[in-house]
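Undergrad: coords below, sequence missing:
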């Protein structure tokens, strides 16, 4: 069976490679075991099935203990029993042993209750998974989607082709949808769409990480500047308070020389005003400088983004031109 599936897989890949001259083949895969283990309904039913299996195992152990007790009793009483009673006891023990084997086969055999109930439990979810896979394949134009957990041996599978998470989200979404508002549903769908696009395009993930790192660095610089401004403001307030305290102290100790003190106070007030004005000018200059730097940085980032966009458009045009030329050459050769 595995050889047939492997042959089928290689045949499909070979066919896809031939068709790839005109159209690229899109392949994906799922992990059915992973999906089943993460579906809430399946997990609950599986727990119930496990409880039944434990109950059956306890019944088997009880039957084994009964048989062992009968065997031990027969060994002990054998010298005191007649031949007919011994044969009767042995027949009874063999009957119980046969009954135990039949019970084990009925519950845990290849076609036993455990396997049958597991199949009944799994089939509706498998049908749901297959329907979801078909919807995803049609929506995203997949050519082939395989099951990683099946008999088909996959020697290598890149993570970006794994659509198990998409299938799992769609299955679980129906349960969550009843508890969400329309706005929350729309936000969830947008979020999942972005995640799918990022999973299908690793370069987009790197770009998002780079942008996040730049944003974090920019926020860190702004925070440091804010702390620096707060420290300067605190130093200015402390200095102003110190001057005010010194002035108040001089006023108390030099009451006779009031006129001199008034002149000194006037001079100190003038100095304070000059220092405050100077500090305000420095702060304004620093703020202007910071704004210019931030504006310059934003302009550079926009310029870089525009350059990357222009470069990407040129590459896409060249690629389209190359594909058109290849098609023209193919048509020319065919003619």
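TA: Nice, I can see it. Treat the numbers as computed from the prediction; the structure is a model and nothing was measured.
Undergrad: would residue 231 count as being in a helix?
TA: Yes - applying DSSP: H, G, I helix; E, B strand; the rest coil, one finds residue 231 inside a helix.
Undergrad: for it, grab the count of nearby residues.
TA: 10 (other C-beta atoms under 10 Å). To be clear about C-beta, it is placed using only N, CA and C from the backbone, and glycine gets the same treatment.
Undergrad: over to residue 30?
TA: Neighbour number of residue 30 under other C-beta under 10 Å is 26.
Undergrad: please apply the same query to the one 5 residues further on.
TA: Here the count is done by other C-beta under 10 Å, and residue 35 has 24 residues near it.
Undergrad: just to confirm, which helix or strand has it in it?
TA: Assigned by DSSP states H and E, residue 35 belongs to helix 32-37.
Undergrad: avg pLDDT for that helix?
TA: Across helix 32-37, pLDDT averages out at 84.
Undergrad: swap in stretch 162-177?
TA: 75.
Undergrad: show me the strands in the stretch 101-250 of the chain, by range?
TA: 144-147 (DSSP state E, counting those that start in this stretch).
Undergrad: give the burial count for residue 240, as a bare number.
TA: Counted with other C-beta under 10 Å, residue 240 comes out at 14.
Undergrad: number of residues surrounding the residue lying closest to it once chain neighbours are set aside?
TA: Sequence neighbours aside, residue 272 is the residue nearest to residue 240 in space, at 6.7 Å (criterion: C-beta to C-beta, 6 or more residues apart in numbering). By the measure other C-beta under 10 Å, the count of residues near residue 272 is 15.
Undergrad: element containing residue 272, please.
TA: Going by DSSP H and E, residue 272 is in helix 258-334.
Undergrad: chain center to that helix, what's the gap?
TA: Distance of helix 258-334 from its chain centroid, counting by C-alpha atoms, centre = their mean, to the nearest Å, is 35 Å.
Undergrad: helices or strands up against that helix?
TA: If you count contacts as 3 or more C-beta pairs under 8 Å, 6 or more residues apart in numbering; DSSP states H and E, helix 258-334 packs onto helix 202-253.
Undergrad: distance from the chain centre to the helix it packs on, please.
TA: Offset of helix 202-253 from its chain centre (C-alpha atoms, centre = their mean): 37 Å.
Undergrad: average pLDDT for that helix, rounded please.
TA: Helix 202-253 shows a mean pLDDT of 78.
Undergrad: repeat that for stretch 119-131.
TA: In the prediction, stretch 119-131 has an average pLDDT of 84.
Undergrad: just stretch 46-59 next, same as before
TA: Stretch 46-59 comes out at a mean pLDDT of 91.
Undergrad: buried residues in that stretch, which are they?
TA: Burial within stretch 46-59, assessed by neighbour count using 16 or more other C-beta atoms under 10 Å, is assigned to 46, 49, 53, 56.
Undergrad: let me have the residues you listed in JSON lines, extended by distance to residue 215.
TA: Output for these, formatted as JSON lines (distance: C-beta to C-beta, whole Å):
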{"residue": "46", "distance to residue 215": "44"}
{"residue": "49", "distance to residue 215": "49"}
{"residue": "53", "distance to residue 215": "53"}
{"residue": "56", "distance to residue 215": "58"}
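Undergrad: could you list the domains of the chain?
TA: 2-200, 203-334 (automatic domain parsing).
Undergrad: out of these, which one sits most buried?
TA: Comparing the domains of the chain by mean neighbour count (mean count of other C-beta atoms under 10 Å), domain 2-200 ranks first with a mean of 13.
Undergrad: and the gap between residue 329 and residue 161?
TA: 31 Å (C-beta to C-beta, to the nearest Å).
Undergrad: could you list the low-pLDDT ranges of the stretch 1-150 of the chain?
TA: Low-confidence segments of the stretch 1-150 of the chain, defined by pLDDT under 70: 1-23.
Undergrad: the helices in it, which residues?
TA: 2-19, 32-37, 40-77, 83-108, 113-140 (DSSP state H, counting those that start in this stretch).
Undergrad: what's the shortest one packed up against?
TA: Using 3+ C-beta pairs under 8 Å, 6+ apart as the contact criterion, the neighbours of helix 32-37 among helices and strands are helix 113-140, helix 164-177.
Undergrad: what's it in contact with?
TA: Helix 32-37 is contacted from outside by 42-43, 122, 125-126, 129, 147-150, 164, 167-168, 171, using C-beta atoms under 8 Å, 6 or more residues apart in numbering.
Undergrad: what do you get if the cut-off is 6 Å, keeping everything else the same?
TA: Helix 32-37 is touched from outside by 42, 129, 147, 149, 164, 167, 168, with contacts defined as C-beta atoms under 6 Å, 6 or more residues apart in numbering.
Undergrad: save the residues you listed as TSV, and put in distance to residue 139 too.
TA: Listed next are the contacts of helix 32-37 as TSV, based on distance: C-beta to C-beta, whole Å:
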residue	distance to residue 139
42	24
129	16
147	19
149	23
164	16
167	12
168	16
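Undergrad: show me the two of those residues that sit farthest apart.
TA: Using C-beta to C-beta, those span at most 16.0 Å, a distance reached by 42 and 147.
Undergrad: just how off-centre is stretch 45-52 within its chain?
TA: Using C-alpha atoms, centre = their mean, the offset of stretch 45-52 from its chain centre is 28 Å.
Undergrad: then stretch 142-152?
TA: With C-alpha atoms, centre = their mean, you get 22 Å for stretch 142-152.
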